[in-house]
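In: take this sequence and fold it.
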Amino acid sequence: MDFTQLIFFFLIIIPSAIIHEYAHGWMADHLGDPTAKHAGRLTLDPRAHIDLYGTILMPLFLLLATGGSFMFAYAKPVPYNPYNLKNRKWGPALVGVAGPLSNLITAIFFGFLCRLLPVSTFTGLLAIIAYANIILLVFNLVPIPPLDGSKILFALFPSSWENVRIFLERYGIIIFLLFVFYFSWIITPITSWLFRLVIG
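Out: From the prediction side, this is the model:
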């Protein structure tokens, strides 16, 4: 991507992260937990979701530090109380998967537009929107706390693995940082394959 495309990518990943967080709140509310609604977070208003570090400074740093080869952003996590969910075992997993699912739907929608329209600068921008959402989709499904994939992983754990869950939650941020700086290249083939699948 050239500089203009990188700036557009940066601008589009912010609303994509906001939609991601809104989806978490919507799913939690749908499953019986109104915490996000009561906190004023069940909205697409960017002011309710933008985090100075995760939404602005971190993606800018990654943009400059990697020369545009890797960028990630997050909005303020939507609060929810798992004890309010109707299904205590699978409820957290459904809340967790709602965010990546919203990014998948967004990517498919803009990918479909790319297939319909003739190749142009405009469709190139649509492709970047799809690509940004695919990155958010794949990255968030990595099963490391605090990423959404960990919620799905923990739902699959038998009750006897409670100590493993506690360990991963306690040291998840360290594992997460190691993954970002040393192993994030693992997801590149997956994002590339999904991008080709969506764009056609």
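In: use CA for all of it now, contacts and neighbours both
Out: Will do.
In: burial measure for N163, as a count.
Out: Residues lying near N163 (other Cα atoms under 10 Å) number 10.
In: how close does it get to E169?
Out: Remark: distance between N163 and E169 (Cα to Cα, to the nearest Å) = 10 Å.
In: what of S192?
Out: 30 Å.
In: which secondary element of this protein has the worst mean pLDDT?
Out: Every helix and strand in the chain was compared by mean pLDDT, DSSP states H and E; the lowest is helix 58-65, with a mean of 77.
In: what sits up against stretch 15-23?
Out: 41-44, 46, 49-50, 73-78, 98-100, 102-103, 132-133, 136 (Cα atoms under 8 Å, 6 or more residues apart in numbering).
In: try 7 Å
Out: Residues outside stretch 15-23 that contact it (Cα atoms under 7 Å, 6 or more residues apart in numbering) are 42-44, 46, 49, 73-75, 77-78, 98-100, 102-103, 133.
In: from the chain's centre, how far out does the least confident helix or strand of the chain sit?
Out: 17 Å (Cα atoms, centre = their mean, to the nearest Å).
In: now G25. Nearest residue, chain neighbours left out?
Out: A36 (5.4 Å; Cα to Cα, 6 or more residues apart in numbering).
In: ok, and for the helix or strand containing the one you found, which residues are buried?
Out: Assigned by DSSP states H and E, A36 belongs to helix 35-38. Across helix 35-38, burial judged by 16 or more other Cα atoms under 10 Å covers 35-37.
In: tally of neighbours for T66?
Out: For T66, the neighbour count with other Cα under 10 Å is 10.
In: A73: what secondary structure?
Out: Here A73 is coil, with the state taken from DSSP: H, G, I helix; E, B strand; the rest coil.
In: what sits against it?
Out: 13-14, 17, 54-55, 58-59.
In: circling back to that earlier point, PyMOL command to pick out the buried ones of the contacts of stretch 15-23?
Out: Buried residues within those, by 16+ other Cα under 10 Å, are selected in PyMOL with:
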select buried, resi 42+43+49+73+74+75+77+78+98+99+100+102+103+133
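In: what is the nearest of the contacts of stretch 15-23 to F181?
Out: Nearest to F181 among these is A73, at 14.7 Å by Cα to Cα.
In: and the gap between the closest one and T55?
Out: 5 Å.
In: could you tell me which residues touch both of those two?
Out: Common contact partners of A73 and T55 (Cα under 7 Å, 6+ apart): I14.
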